[in-house]
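Trainee: Please work out how this folds:
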Amino acid sequence: MSGYLEVRDIAKRYSGVVALGGVSFDMEPGEILAVLGPNGSGKTTLFNVISGFTQPSSGTITFRGRSTAGKRPNQLVRNGITRSFQQSMSFASFTVRENLEIAPQAGRSADQRANVDELLDICQLTGVADMPSSSLPYGIQRQLGVAIALSTAPQLVLLDEPAAGLSETEAEALASVIRVLPEHDVGVICIDHNLPFLLPIAHRVIVLDAGVKIFEGTPAEVRVSPPVIEAYLGAGNA
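Mentor: Modelled structure (predicted):
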C-alpha cells in the first residue's frame, strides 16, 4: 500500500451495464501513470470516479490517507486532486495570465494557489502570458489546459487526452511539460490514445478492457503483453 492513491475494487454500473467491474491499483508519489484501453473500456468513467464527478457503485478510493467517498469535485480540489478535460476550459477573451489567476478562485484558498509566474514557466507559457487564449495555436491551448489544472496547486492531476489533435511537434512540447511535473511534487494520471506521446513519459501503465484491468506494468512490458495486444487488435489479429 502506497499511502498516496489507493483504488480498491471500484465498480460502476448504469442500469445493469457495467462500466467498471472492480478496478484496483496503487499509485506512488511523483509517479506518471498511463491509463490505456480501447474505446468504451472504462477509462473516462474511472477518471470521473477518482475526480468526484461520478460516485462509484462500490469500492473505495483513498488519497494521502483520506477517503474520497461522497466528496464533490470542488471538495477534492481542496484536498489536492484536480483534472483536465478533453475540450478547452479556458476563457477565450482572457489572457493566459488572467486565466491562471481566475481559475483557482472556485477551488483552493489563497495560500494554496499556485504561483502564476512559476506555472507560466513550468508550462512554457511565459512568452504568451499576455495574449488572449483564443489567439493561441491549438498546441499552446492544450498546454494552457494543463496549466489551468495545475493552478489549484494539486498533488495529483488527472489529464484526459491532453494530446488529442496535436501534431507530432506539439505533442513533444506538451510531453516535455508533463514529464517535469513530478519534480514539482505533482503526480499525474494520464489517458491518451497517442502512444508515442504517452508511453515515453509514463513510469507505469494500466490497461482496461470492458471495465476490467487486464494489465499493469512498465511501458516496455505493455508493448508485448498478449492480453493488451488482443484487446486492441482482436484475437484473430493478435
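Trainee: Do you have the strands of this structure handy? List them.
Mentor: Using DSSP state E, the strands of the chain run over 5-14, 17-27, 32-36, 58-63, 66-67, 81-83, 156-160, 187-191, 204-209, 212-217.
Trainee: what sits up against the second one?
Mentor: Residues from elsewhere that reach strand 17-27 (C-beta atoms under 8 Å, 6 or more residues apart in numbering): 1-2, 4-13, 33, 42, 45-46, 49, 56, 59, 156, 187, 189, 206, 208, 210-213, 216. Glycine gets a C-beta too; all of them are placed from N, C-alpha and C.
Trainee: can you state the direction angle for it and strand 187-191?
Mentor: 150 degrees (axes from the mean of the first three to the mean of the last three C-alpha atoms, to 10 degrees).
Trainee: relative orientation of strand 17-27 and strand 32-36 in degrees?
Mentor: 160 degrees.
Trainee: Flag every buried residue along strand 17-27.
Mentor: 19-21, 23, 25-27 (16 or more other C-beta atoms under 10 Å).
Trainee: Can you spell out which helices and strands pack onto the worst-scoring helix or strand of the chain on mean pLDDT?
Mentor: Here the helix or strand of the chain ranked lowest by mean pLDDT, DSSP states H and E is helix 226-233, holding a mean of 83. Using 3 or more C-beta pairs under 8 Å, 6 or more residues apart in numbering; DSSP states H and E, the elements in contact with helix 226-233 are strand 204-209, strand 212-217.
Trainee: With only the CA atoms kept, save it in PDB.
Mentor: Output in PDB follows, covering the C-alpha atoms of helix 226-233 (Å, rounded to 0.1, in the frame of the first residue of the first chain):
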ATOM      1  CA  PRO A 226      -0.700 -10.700 -25.200                       C
ATOM      2  CA  PRO A 227      -3.900  -9.600 -23.300                       C
ATOM      3  CA  VAL A 228      -3.200  -5.900 -24.400                       C
ATOM      4  CA  ILE A 229      -2.500  -6.900 -28.000                       C
ATOM      5  CA  GLU A 230      -5.700  -9.000 -28.100                       C
ATOM      6  CA  ALA A 231      -7.800  -6.200 -26.600                       C
ATOM      7  CA  TYR A 232      -6.600  -3.700 -29.200                       C
ATOM      8  CA  LEU A 233      -6.300  -5.900 -32.200                       C
END
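Trainee: Counting neighbours, which bits of that helix end up buried?
Mentor: Judged by neighbour count using 16+ other C-beta under 10 Å, the buried positions of helix 226-233 are 228, 231.
Trainee: what's next to that helix, contact-wise?
Mentor: With C-beta under 8 Å, 6+ apart as the test, helix 226-233 has contacts from 36-38, 41, 207, 209, 214-215, 222, 238.
Trainee: still on that earlier bit, in JSON lines: the strands of the chain, plus distance to residue 230 and mean pLDDT.
Mentor: As requested, these are exported to JSON lines (distance: least, C-beta to C-beta, whole Å; pLDDT from 0 to 100):
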{"stretch": "strand 5-14", "distance to residue 230": "23", "mean pLDDT": "96"}
{"stretch": "strand 17-27", "distance to residue 230": "17", "mean pLDDT": "95"}
{"stretch": "strand 32-36", "distance to residue 230": "14", "mean pLDDT": "96"}
{"stretch": "strand 58-63", "distance to residue 230": "26", "mean pLDDT": "96"}
{"stretch": "strand 66-67", "distance to residue 230": "35", "mean pLDDT": "94"}
{"stretch": "strand 81-83", "distance to residue 230": "30", "mean pLDDT": "92"}
{"stretch": "strand 156-160", "distance to residue 230": "25", "mean pLDDT": "95"}
{"stretch": "strand 187-191", "distance to residue 230": "20", "mean pLDDT": "96"}
{"stretch": "strand 204-209", "distance to residue 230": "9", "mean pLDDT": "95"}
{"stretch": "strand 212-217", "distance to residue 230": "9", "mean pLDDT": "95"}
